[in-house]
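S.K.: prediction below, plus the sequence it came from.
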Amino acid sequence: MLPLKITPKFRDRENEDFQKTNQIQPPLLIKSRTSLYPQVSGLSLSLTSVIGVLDLDLALLKDKPDPLTDKSTPEEKTLFNAWERSDRLSIMFLRMTIASNIKTSLPKPENAKDYMKAIEERFKTADKSLAEKLMADLTTIKFDGTRSMHEHVIEMTNLAANWDKAQFRPEKGTTQI
């Protein structure tokens, strides 16, 4: 096995743009990193924080820079290249961590930010139906005597906590019908 030199990227504290690096992260390494995280099939994983930890969040934090021209400065070129790399790897990471049955219902990604919005929209209906199911379970559960009262109360507490987390809450500025 060949040794692989990986140089981490550091943020420039003054202008928040990435400093130029000459290292390319091979997809194999990204796949090995993604195997540490469970596949997305619901509300259990905050993709934005994982992408931030992997230092791929530039495409999510900033809009796409203006296209390069002959008059572009080296800083603009560096920012554009870093943004393109971040966008490409973020999309790759998102597609690797999303379950196959969900991937098919999502549109082809233009950029990582739009892809995250599509994922969010896809799960809004799932969040609402999950909250409704949990509420139905919570209101119909009965103590049947096959287990201890303590286990029954713990189950009801867990259902209530999960319902509270999954409850559909409209965003500010929107109306609920």
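M.R.: Received the coordinates, thanks.
S.K.: neighbours of Ser105, how many?
M.R.: 8 (other Cβ atoms under 10 Å). C-beta here means a position set from N, CA and C on the backbone, and glycine is covered the same way.
S.K.: look through the chain and tell me its longest helix.
M.R.: helix 112-140 (DSSP state H).
S.K.: tell me what it is packed against?
M.R.: helix 47-53, helix 58-61, helix 74-97, helix 149-166 (3 or more Cβ pairs under 8 Å, 6 or more residues apart in numbering; DSSP states H and E).
S.K.: how does it look with 7 Å?
M.R.: When contacts are defined as 3 or more Cβ pairs under 7 Å, 6 or more residues apart in numbering; DSSP states H and E, helix 112-140 sits against helix 58-61, helix 74-97, helix 149-166.
S.K.: give me the average confidence score over the second one.
M.R.: By that I understand helix 74-97. Average pLDDT, helix 74-97: 88.
S.K.: name the helix or strand of the chain that has the lowest mean pLDDT.
M.R.: The helix or strand of the chain with the poorest confidence is helix 27-34; it has a mean of 46 (mean pLDDT, DSSP states H and E).
S.K.: low-confidence stretches in this protein?
M.R.: Low-confidence segments of the chain (pLDDT under 70): 1-55, 125-127, 167-177.
S.K.: how about a cut-off of 90?
M.R.: 1-66, 68-69, 79, 82, 85-86, 88-110, 112-139, 141, 144-145, 159-177 (pLDDT under 90).
S.K.: quick revisit: just the buried residues of the longest helix of the chain, please?
M.R.: For helix 112-140, the neighbour count (16 or more other Cβ atoms under 10 Å) marks Ala112, Lys113, Tyr115, Met116, Ala118, Ile119, Asp127, Leu130, Ala131, Leu134 as buried.
S.K.: reformat these as JSON lines; add distance to Thr146.
M.R.: Output for the buried residues of helix 112-140, formatted as JSON lines (distance: Cβ to Cβ, whole Å):
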{"residue": "Ala112", "distance to Thr146": "49"}
{"residue": "Lys113", "distance to Thr146": "50"}
{"residue": "Tyr115", "distance to Thr146": "46"}
{"residue": "Met116", "distance to Thr146": "44"}
{"residue": "Ala118", "distance to Thr146": "44"}
{"residue": "Ile119", "distance to Thr146": "40"}
{"residue": "Asp127", "distance to Thr146": "32"}
{"residue": "Leu130", "distance to Thr146": "26"}
{"residue": "Ala131", "distance to Thr146": "27"}
{"residue": "Leu134", "distance to Thr146": "22"}
